[in-house]
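Q: Whatever this is, show me its structure:
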Amino acid sequence: MNDRIARLTQAMQAANLDMLALNPGASLTYLTGLHFHTSERPTVFLLTPRKTPVIILAALEANKLKNSSSPLEPVTYGDNPHTWQTAFMEAREKLGIAPPRVGVEPTALRFMELKYLQAAFPESEFISAEDILASLRMSKDESEVENMRQAAKIAQEAFLATLPTIKPGISELTIAAELSAQLLRHGSQSEFPFPPIVSSGPFNSADPHAVPSQRLVQSGDVIVIDWGARYQNYASDITRCVAVGVLSPEVENIANIVIQANAAGRAACKPGVSAGSIDDAARRVIEKAGYGPHFNHRVGHGLGMEAHESPYMFAENDYLLIPGNVFTVEPGIYISGTGGVRIEDDMLITADGAESLTTLPRELFRVG
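A: Here you go, the predicted model:
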């Protein structure tokens, strides 16, 4: 963790950033090993070069700091919101600077924390540090990869344990509940990367981000199941499809095309190629089959402490992949009224190629 902070400090200096302010989230956990939930109370980590980082937090959270993997200077406050600004002013005194440029995470910093920071550092300009943090976290080290490998193993075992319960007459919500229970039984942390997606039939399965409903599974349905486990704060993200009884010829054809597209995307993964080329490799298969307009999202996204992080695998992304990058390859075809199919794997870029951390068969799982 100290090495991570040292590398981040170097990147900050290269980008002419005088301070970094972080809310609870993956980046704060990445740097300290600590996990905080966002709540009505502010928690802010402040990092400046050559100083012990300061963390502003509620007094009731202070006991967590004994588990920090890096030295931290705490500033605590009580339950009276009128005293919270004082804590931010105390943090400024501990840091002893008036930073001209402060980096923040644009998708994480809330208005509440920004308001306190602006009052404590009125001379500062607040700018995005998104690229700096992404570059730090994008290449996973050996311990991170092992955590993600275990997260994939847990997720796959949970799915296989859930599969025997899937049959006509069971609801999407019941399948999602069983899968969630199996994730916990097989070793996932209780905070999943995202709630499992279970979508069935000609309409729900054609919605890439469907929410499990009370719809009852019927014979002839295809079911899209998208789920993940979390292990030591690292995520997996997998999608497989289940055929209930006999599917229509068109849905069977769609499934075969998506399986081929997934294979093409995985085969294209290696160091030195662009993120966009992975999207292109999978998309060409679907377009050649005549279903291009029905593949309506990027082919994947980075994976790590967050279910969605850099690099993002869209056609125009010219980022060149390096060893340690982990991301999903998840092509899909979605036709409302007919059905949808998506097959998703977690890919690791290695020194001379790539490895799929997910190993479940890509073919349809058949029940009923």
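
Q: By mean pLDDT, point me to the weakest helix or strand of this structure.
A: helix 2-14 (a mean of 93; mean pLDDT, DSSP states H and E).

Q: residues of that helix that come out buried?
A: Residues of helix 2-14 classed as buried by neighbour count (16 or more other C-beta atoms under 10 Å): 4, 5, 8, 9, 11, 12. Where C-beta positions appear, they are placed from N, C-alpha and C, glycine not excepted.

Q: Kindly reformat these as TSV containing distance to residue 317.
A: Listed next are the buried residues of helix 2-14 as TSV, based on distance: C-beta to C-beta, whole Å:
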residue	distance to residue 317
4	25
5	28
8	23
9	28
11	21
12	24
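
Q: what's the most distant pair in those?
A: Within the buried residues of helix 2-14, 4 and 12 form the most distant pair, 12.5 Å apart (C-beta to C-beta).

Q: Please parse this structure into its domains.
A: Recorded structural domains for the chain (assignment: automatic domain parsing) are 2-137, 139-367.

Q: from the ones you listed, which stretch is densest packed?
A: Among these, domain 139-367 has the highest mean neighbour count (mean count of other C-beta atoms under 10 Å), at a mean of 20.

Q: So for it, mean pLDDT?
A: For domain 139-367, mean pLDDT is 98.

Q: Please apply the same query to stretch 26-33.
A: For stretch 26-33, the mean confidence score works out to 96.

Q: Same check on stretch 89-99?
A: pLDDT averaged over stretch 89-99 gives 95.

Q: Would you mind confirming that residue 201 is in contact with residue 216?
A: No: judged on C-beta atoms under 8 Å, residue 201 makes no contact with residue 216 at a distance of 9.3 Å.

Q: Double-check residue 11 against residue 132; I have them as touching.
A: Yes: in terms of C-beta under 8 Å, residue 11 counts as a neighbour of residue 132; the distance is 4.8 Å.

Q: what sits in contact with each of those two?
A: Residues touching both residue 11 and residue 132 (C-beta atoms under 8 Å, 6 or more residues apart in numbering): none.

Q: Tell me who's in contact with residue 76.
A: For residue 76, the contact set (C-beta under 8 Å, 6+ apart) comprises 56, 57, 58, 59, 61, 62, 87.

Q: Now do the SS call for it.
A: strand (DSSP: H, G, I helix; E, B strand; the rest coil).

Q: what's the distance between it and residue 56?
A: 8 Å (C-beta to C-beta, to the nearest Å).

Q: any shared contact partners between those two?
A: Contacts common to residue 76 and residue 56, judged by C-beta under 8 Å, 6+ apart, are residue 87.

Q: just the strands in the stretch 151-300 of the chain please.
A: 197-200, 222-227, 230-231, 234-235, 238-244, 300-302 (DSSP state E, counting those that start in this stretch).

Q: which residue sits closest to residue 166 in space, ignoring its chain neighbours?
A: Spatially, and ignoring its direct neighbours in sequence, residue 166 is nearest to residue 367 (5.1 Å; C-beta to C-beta, 6 or more residues apart in numbering).

Q: these two touch, right, that neighbour and residue 167?
A: Yes: at 6.2 Å, residue 367 counts as touching residue 167 under the criterion of C-beta under 8 Å.

Q: Now the common contact residues for the two.
A: Residues touching both residue 367 and residue 167 (C-beta under 8 Å, 6+ apart) are residue 244.
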